[in-house]
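J.: no sequence on this one, just coordinates:
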C-alpha cells in the first residue's frame, strides 16, 4: 500500500472516528490475522486530548456495505504485557500482542510493523512507564525513530509516522506560569484574538528590538573580555611553572619508590625465612616430643622385672609409651627422614623384644599353673568342692594391660598365649572336674540301701567307678529304663521289700517305695552342691578371660585355640576342621570368642553332667523331678546374668537332657498303667497306679513348690491323670471278681480325695470328673444291689407301671388279672420283716466282700443303700395308694422297721 493511500486513510480515520472521540491518531499499521483468510484491518495507536491522557490500541475495520470505517475492538495500552516481533535480525511482517490473550497479526510490510512497534514503545515510555516486554525487537528500533525509518520510503514515512510522531517528540505541555504570562500578554493587546496577524507582527517587532539591544551589550563588554583573556594567559603560564616543579618532584619520588620496593622485598624474604624457621622448629619439637622414648622406658622394655608389682607397673608404662610413639601420625615427608626411620626401627626392635619376654614369662606361668594345683585336689574332692582359682586370676590380672598391649601390637603372640592358656587350663580343669564328679557319683550312689537298711557305697577305686559310669552311657548315652540295670549299682534283695500297692512303681526305675524321703533329700543336696560349685567356677573363669584377654567391646576375629577340633555352641559332638579353616573362622562378637574359649577349657563339664544325670535317673527316675527343678533354677539364674554366656548355654543343653528324662519318667508310668494286669482270684481294691499317681503328685508338689518350670509338671499331670482314668475303666471292664461299679467307685473316690487334698489347679476339671464318676457308679452299684432282696416285689410294681404307661387308668389296674389285689397281697406276704432283714444282712455281707478296707467306703455305700431302699419303699406305697385305693393293703414292715434293720446290721458287723 503506497504512502499516499496510507496518508489518506490516516486522515480519514482521524476525521471520522477519532476526532469525534477527542483522540489523536499517532500510529497505524495495516494487518490481517495470522493463518486465516486475509481480511484486512487497521491497528491504531491513539491518545486522548483530555487529561488524564489515555493510550489505547484500536482495531478499525472497513464496513462491508460502504466505504466508511468503524471501530471494532479497543484495548488499553496498560493491559498490554508483551510485544513479540518474531525475529529481530530478519525481516518478518508477523508480530504478536499479548493482552488478556495472544493476538497474532501479519503486517502488510515489515516497515509498517517496525514503525508501529516503535510508536507503541514510545507511548509506553512517555505515558505509562510500564515494563512491557519487547521480545525479538531490535535494540535500534527502541532507541530512535529515524533509524527505524531509514528503510521506509520517504513518502510512506512522512505519511505514516512522520508529522505526528515528530510532533509527539517535540510536544511539551505549558507550565502554569507560562500559561499565566501568555494570558497577561494577550490581555494587554485587545486585538490578540480578533487580529492574530497584527498581534504576531507586533511581537516580531518587539523581538527585533530585544535582539539589537543584546548585540550592543555584547559589543560594549569587549574591553572586559580582553582583560579576562590576558589574565587567562598569565594563569596558563603559572600552570606551566607548577607542572615543571611537579615533574621534578615526581622524578625524586620515583627513586624513593625504587628504594622502598627493595626494602619491602628484603622484609618479605626475612619474613619467609622466619616462617620457615618456625615451621622447622615445630617439626623438630613434634618429632622430639612424640618420637623419643626415655632411657628408663627402654630399660624396662629390655630387662624389666615381670614378677614384682613395681616391675610390672614400669613395664606397663613403658609399653604404653612405646605404643604411643609407634602410633603417632607422621606428617607428610617425615617418613623420608633418616632419624625417623632409625627411631621406627628401634621401636620395632623394642616391641619384638618385649613381646617375646612377656610371652615367655606368661607361658611359663600357664604351664606351671597347669601342673601345680593337683596336690590340693584330694582335700577339695573329699568335701565335694572345687578348688578356687581366684589367687591365680588375681596374679594374672596384673598383666591385663600388657595383654591388651600385646593384642594391639603383636597379634600372633597374643593368639599363641590364648592357645597356651586354653590348653593347660583345660587339662587342669578336666582333672579337677573329673575327680569332683567321681566323688559326687560315689556320694549319690551311696543313697541306695542294703537289705539291712544301711547305705551301701560303691568301691572308691577309680577303675571300678569308670567302668560303672561307662555302663550307664551304653551307646550314645541312652538308658533302657528297666530295673535290671540297677543290679550293678544297688544291693540285691530290694525286690522282696516291695508291697503290692507299689507294684506300679516297681517298674521302669520308679521304685519309690525303696527310697525314702531322706534318700531323695540327700540326692537333692548332692545335685544342688554340684551345680552350686560349677556355677561360680564358670562365672569366675569367664569374667577372668574377658578381663585378661580384653574380650569385651570390639568385633574381631577369633584366635585359633588349643587344637583343630571345634565344638559347636549347642553342645553337639566336635567336628574336625583343618587349622587353616579355623584361622579364617570369623565370629560375630568377642562374646562368642569368650564362649568358644570356655567351651575348650570346660569341654568335660557337659559330658560329666549328663553322666551324673544318667546315674541319678538310673538310681531312681523320680530324681528327674529334683534335677528338673534345680537345673531350671540355675538356667534361669544364668540367663538373667548373661543369656549368651557359656554357663547359660551349657546348662541349657543339660536341661534338655533332664527334661527328656522327666518326659521318659512320665511315659514309663503311662506304659506301666497300660501293661497292668489284675489278679483273677482276689478283689481289685485301689489300683497300684492310682496310689502311684498319688505318691507322684505328693512328691512333685513338694519338689515343684515355687519352681520356674511349673508348666512342665502341669502338662505331665494332665497326661498321667488321663492315663489313670482310661486304665481304671479298662481294669474295671476286665474285672471278674469285683463288680465294675465297685472298681470305678473306689478308685475314682480315691482320685477325687487325692486331688481335693493336693489342690492342683490344673486338674480342677479332672477332679470334678472324678467326683462325677464316683457318684454315678456309687448310685449304679446301690441300685443294682438293692434289686435282689425284694426282687418279686420289684417285678410286680414294674408290671403295674407298664400297664399305666400303656394307657390303663391307675384305679383300674386292680381289675387286671395279673395285678389284682389278691396277687398284690400274695407278693407282699413273701416279704415279711424277718425276710427283709435277712436279705439285707446277706446284702451287707456281699457288699463287704466287694469293697476294700483301704478306702473305707462300706458305711457310705450302706447309707446310700438305706436311702435308696427308703425311696423305693415310698414309691411302692405311693403306687398302692394310687392304683389300689381303699384296699387297706400295706407293706409287712414300716420305714422305722427298715431303719432299725439297717442300723442293727451295720452295728453287728
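T.: Everything's here; your move. Note that the coordinates shown come from a computational prediction; the quantities given were computed from them, not determined experimentally.
J.: please tell me how far residue 731 sits from residue 737.
T.: Counting by Cβ to Cβ, to the nearest Å, the gap from residue 731 to residue 737 is 12 Å. (C-beta placed from N, C-alpha, C; glycine too.)
J.: typed the wrong thing, it's residue 776
T.: Between residue 776 and residue 737 the distance is 22 Å, computed by Cβ to Cβ.
J.: swap in residue 630?
T.: Distance check for residue 630 against residue 737: by Cβ to Cβ, it reads 45 Å.
J.: between these two, who's got more neighbours?
T.: Per other Cβ atoms under 10 Å, whichever of residue 630 and residue 737 has more neighbours is residue 630, with 20 against 15.
J.: which of the helices or strands spans residue 134?
T.: Here residue 134 sits within strand 133-135, counting by DSSP states H and E.
J.: neighbouring strands of that strand in the sheet, and parallel or not?
T.: strand 82-84 (parallel) (DSSP bridges).
J.: quick one: buried residues of the strand it pairs with?
T.: 83-84 (16 or more other Cβ atoms under 10 Å).
J.: what sits up against that strand?
T.: 95-98, 117, 120-121, 132-137 (Cβ atoms under 8 Å, 6 or more residues apart in numbering).
J.: buried subset of those, written for PyMOL?
T.: Selection of buried members from the contacts of strand 82-84 for PyMOL, criterion 16+ other Cβ under 10 Å:
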select buried, resi 95+96+97+98+117+120+121+132+134+137
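J.: residue 727: which of the contacts of strand 82-84 is nearest?
T.: For those, the residue nearest residue 727 by Cβ to Cβ is residue 98; the value is 104.4 Å.
J.: residue contacts, that closest one?
T.: Applying Cβ under 8 Å, 6+ apart to residue 98 gives the contacts 80-84.
J.: in a markdown table, list those along with pLDDT and distance to residue 757.
T.: Output for those, formatted as a markdown table (pLDDT from 0 to 100; distance: Cβ to Cβ, whole Å):
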| residue | pLDDT | distance to residue 757 |
| --- | --- | --- |
| 80 | 90 | 109 |
| 81 | 89 | 103 |
| 82 | 90 | 105 |
| 83 | 90 | 111 |
| 84 | 90 | 108 |
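J.: now these as CSV including distance to residue 304?
T.: CSV is the format used below for the contacts of residue 98 (distance: Cβ to Cβ, whole Å):
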residue, distance to residue 304
80, 97
81, 92
82, 92
83, 96
84, 93
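J.: now for those residues: which two are most distant?
T.: Pairwise over these, using Cβ to Cβ, the maximum falls at 80 and 84, 11.4 Å.
J.: now do the domain split for the chain, please.
T.: Domain assignment for the chain, taken from the TED database, gives 1-141, 205-291, 295-373, 383-446+516-551+590-654, 676-787, 792-907.
J.: give me the contact list for the strand holding residue 134.
T.: For strand 133-135, the external contacting residues (Cβ under 8 Å, 6+ apart) are 81-85, 117, 121, 142.
J.: what mean pLDDT does it have?
T.: Strand 133-135 carries an average pLDDT of 87.
J.: which pLDDT does the model give residue 160?
T.: For residue 160, the pLDDT comes out at 36.
J.: quick one: buried residues of whichever strand in the chain runs longest?
T.: The longest strand of the chain (DSSP state E) is strand 23-33. Using 16+ other Cβ under 10 Å as the test for burial, strand 23-33 gives 23-32.
J.: do the same with stretch 40-60
T.: Residues of stretch 40-60 classed as buried by neighbour count (16+ other Cβ under 10 Å): 41-47, 55-60.
J.: need those in JSON lines (columns: secondary structure and pLDDT).
T.: Formatted as JSON lines, the buried residues of stretch 40-60 follow (DSSP: H, G, I helix; E, B strand; the rest coil; pLDDT from 0 to 100):
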{"residue": "41", "secondary structure": "strand", "pLDDT": "89"}
{"residue": "42", "secondary structure": "strand", "pLDDT": "90"}
{"residue": "43", "secondary structure": "strand", "pLDDT": "93"}
{"residue": "44", "secondary structure": "strand", "pLDDT": "94"}
{"residue": "45", "secondary structure": "strand", "pLDDT": "93"}
{"residue": "46", "secondary structure": "strand", "pLDDT": "94"}
{"residue": "47", "secondary structure": "strand", "pLDDT": "92"}
{"residue": "55", "secondary structure": "strand", "pLDDT": "90"}
{"residue": "56", "secondary structure": "strand", "pLDDT": "91"}
{"residue": "57", "secondary structure": "strand", "pLDDT": "93"}
{"residue": "58", "secondary structure": "strand", "pLDDT": "93"}
{"residue": "59", "secondary structure": "strand", "pLDDT": "92"}
{"residue": "60", "secondary structure": "strand", "pLDDT": "91"}
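J.: just flag the most distant two among those residues.
T.: It's 41 and 47 that sit farthest apart of the buried residues of stretch 40-60, by Cβ to Cβ, at 20.5 Å.
J.: before we move on, back to that, turn the domains of the chain into CSV, columns for distance to residue 187.
T.: Listed next are the domains of the chain as CSV, based on distance: least, Cβ to Cβ, whole Å:
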stretch, distance to residue 187
domain 1-141, 25
domain 205-291, 16
domain 295-373, 99
domain 383-446+516-551+590-654, 115
domain 676-787, 127
domain 792-907, 153
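J.: nearest to residue 177, out of those?
T.: domain 1-141 (18.2 Å).
J.: and that closest one, how far out from the chain middle?
T.: Relative to the chain's own centre, domain 1-141 is displaced by 75 Å; criterion: Cα atoms, centre = their mean, to the nearest Å.
J.: if you skip the residues just before and after it, what's nearest to residue 774?
T.: Nearest non-adjacent residue to residue 774, counting by Cβ to Cβ, 6 or more residues apart in numbering: residue 748, 4.1 Å away.
J.: surely that neighbour is in contact with residue 777?
T.: Yes. Applying Cβ atoms under 8 Å as the test, residue 748 and residue 777 come out as touching, 7.0 Å apart.
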